[in-house]
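Visitor: everything below, folded, please.
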Amino acid sequence: MRTMVLHGPRPVESAPLVMEERPVPRPGAHQLLVRVLHCGVCRTDLHVVEGDLVPLRPTIVPGHEVVGTVEQAGPEVHDWVQGEIVGVPWLQGTCGTCAYCLSGRENLCVAKTFTGYSVDGGYADHVVADARYALRLPTGKPDRLAPLLCAGIIGYRALRLSNPPPSGRIGFFGFGGSAHLTLALAARLGFRTVAYSRNPEHLALARRLGAAGAVRTGEAQPTEPDLDAAIVFAPAGEVVLQALRQVKKGATVAIAAIHLSPIPSIDYDRLLFGERRLVSVEANTRADAREFLDLAGRVGLESTVERRPLERANEALVDLKAGRVNGALVLDCAES
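Guide: Have a look, this model is predicted:
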């Protein structure tokens, strides 16, 4: 099978992923062998490839927004059949026995594992996945469904944790794969949404997706806080301060980033006082994923995508890093 393999983290500009042929793996007792159709290119992949996330293995195949078909099921798998469409997400496994797992907070599990980080992922034409963490997908085009499996799920959890009031005004700081899905969902749920980005194309997409406002960062900002909640998607600590400046008293700023540059010194009296809250978002539970995918199906949520062939994964990561992607990037992984 074809795989794009990382042999140690390096800047994406140096083309660190190498195309390699490997034997097709066999699924274990609780696993599925999945023929990959598409795999989203997520900012977390960028953090894995460049070493912002500490490497867990000497080599890894990235990718965790996987849409494919079941090719073979392990002997203990009874709820998936050959040919079924399946989603393979970031959360690959949890211990099931720690205090977090036992209290319904498996996203905080002390021994959780991740697709494309702990185990080989979907930058390949086949992948094995734990059937207990695989996801059924809503109806839609497979390439447009792929970004739902991390960008969508994490954005949904961040939206919930930002705790906006009904019809509240929510700010989206940074406008990539996750933000565009979350804003579209929030708009359909009746919230007033405002996108903040330095990229005019991103702001134009936000308006098409139903944003009530679009603000180009670096230009004059409103003088008075006008947001009931905010979500920070940009992996930059200084953006957290921008969000805090714009939220009202009692509002929450949720940080939907797995890696963030240092947050500059916070002026407590100006930016946090007034019962403003700052909360991080770590992974997701399977319940989050199923709830989000069910909701996405009911409201007809789809991602805006740009597609690249698997062998151009390095180029895709460079474009993602440079902010040249409007919506989400998806790799075509099925062997031609």
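
Visitor: what helix or strand is the closest residue to A256 other than its chain neighbours located in?
Guide: Closest residue in space to A256, ignoring its immediate chain neighbours: A158 at 3.8 Å, by C-beta to C-beta, 6 or more residues apart in numbering. Just so you know, the C-beta spots here come from the backbone N, C-alpha and C atoms, and that holds for glycine as well. Using DSSP states H and E, A158 falls within helix 151-162.

Visitor: for that helix, what is the average pLDDT?
Guide: Per-residue pLDDT values over helix 151-162 give a mean of 98.

Visitor: where are the low-confidence patches of this protein?
Guide: Across the chain, the ranges flagged by pLDDT under 70 are 219-223, 336.

Visitor: could you pull out the helices for it?
Guide: Taking DSSP state H, the helices of the chain run over residues 43-50, 99-102, 142-145, 151-162, 177-188, 200-208, 237-246, 286-299, 313-322.

Visitor: what angle separates the first one from helix 177-188?
Guide: Angle between the axes of helix 43-50 and helix 177-188 is 170 degrees (criterion: axes from the mean of the first three to the mean of the last three C-alpha atoms, to 10 degrees).

Visitor: okay, angle between helix 43-50 and helix 151-162 too, please.
Guide: On the basis of the same axes, to 10 degrees, helix 43-50 is oriented at 110 degrees to helix 151-162.

Visitor: packing partners for helix 43-50?
Guide: Under the contact criterion of 3 or more C-beta pairs under 8 Å, 6 or more residues apart in numbering; DSSP states H and E, helix 43-50 touches helix 313-322.

Visitor: picking that back up, looking at the helices of the chain, which is nearest to V12?
Guide: Nearest to V12, of all those, is helix 313-322, at 4.2 Å by C-beta to C-beta.

Visitor: tell me how this structure divides into domains.
Guide: For the chain, automatic domain parsing gives the domain ranges 2-150+284-332, 152-280.

Visitor: dump the helices of the chain to CSV, plus mean neighbour count and distance to A254.
Guide: As requested, the helices of the chain are arranged in CSV below (neighbours: other C-beta atoms under 10 Å; distance: least, C-beta to C-beta, whole Å):
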stretch, mean neighbour count, distance to A254
helix 43-50, 24, 16
helix 99-102, 15, 19
helix 142-145, 22, 24
helix 151-162, 26, 4
helix 177-188, 26, 10
helix 200-208, 17, 18
helix 237-246, 20, 9
helix 286-299, 17, 13
helix 313-322, 20, 22
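
Visitor: V119: which of these is closest?
Guide: helix 43-50 (12.1 Å).

Visitor: show me what the closest one is in contact with.
Guide: The contact list for helix 43-50 (C-beta atoms under 8 Å, 6 or more residues apart in numbering) reads 6, 9-12, 16-17, 52-53, 55, 60, 62-64, 90, 116-117, 123, 150, 176-178, 235, 257-259, 317, 320-321.

Visitor: among the residues you listed, name the buried ones.
Guide: Buried members of the contacts of helix 43-50, scored by 16 or more other C-beta atoms under 10 Å, are 6, 9, 12, 16-17, 52-53, 60, 62-64, 90, 116-117, 123, 150, 176-178, 235, 257-258, 317, 320-321.

Visitor: taking these one by one, which sit in strands?
Guide: Judged by DSSP state E, strands contain the following of those: 6, 17.

Visitor: end-to-end on stretch 233-242?
Guide: One end of stretch 233-242 to the other measures 12 Å (C-alpha to C-alpha, to the nearest Å).

Visitor: using PDB, write down the CA coordinates of stretch 193-208.
Guide: This file holds the C-alpha atoms of stretch 193-208, laid out as PDB (Å, rounded to 0.1, in the frame of the first residue of the first chain):
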ATOM      1  CA  THR A 193     -21.500  34.900  14.300                       C
ATOM      2  CA  VAL A 194     -18.500  37.200  13.700                       C
ATOM      3  CA  ALA A 195     -15.300  36.000  11.900                       C
ATOM      4  CA  TYR A 196     -11.900  37.600  12.700                       C
ATOM      5  CA  SER A 197      -9.100  37.000  10.200                       C
ATOM      6  CA  ARG A 198      -6.300  38.800   8.400                       C
ATOM      7  CA  ASN A 199      -7.200  37.000   5.200                       C
ATOM      8  CA  PRO A 200     -10.000  38.700   3.100                       C
ATOM      9  CA  GLU A 201     -10.800  35.400   1.300                       C
ATOM     10  CA  HIS A 202     -11.500  33.800   4.700                       C
ATOM     11  CA  LEU A 203     -13.800  36.600   5.600                       C
ATOM     12  CA  ALA A 204     -15.600  36.300   2.300                       C
ATOM     13  CA  LEU A 205     -16.200  32.600   3.000                       C
ATOM     14  CA  ALA A 206     -17.400  33.400   6.500                       C
ATOM     15  CA  ARG A 207     -20.000  35.800   5.000                       C
ATOM     16  CA  ARG A 208     -21.200  33.100   2.500                       C
END
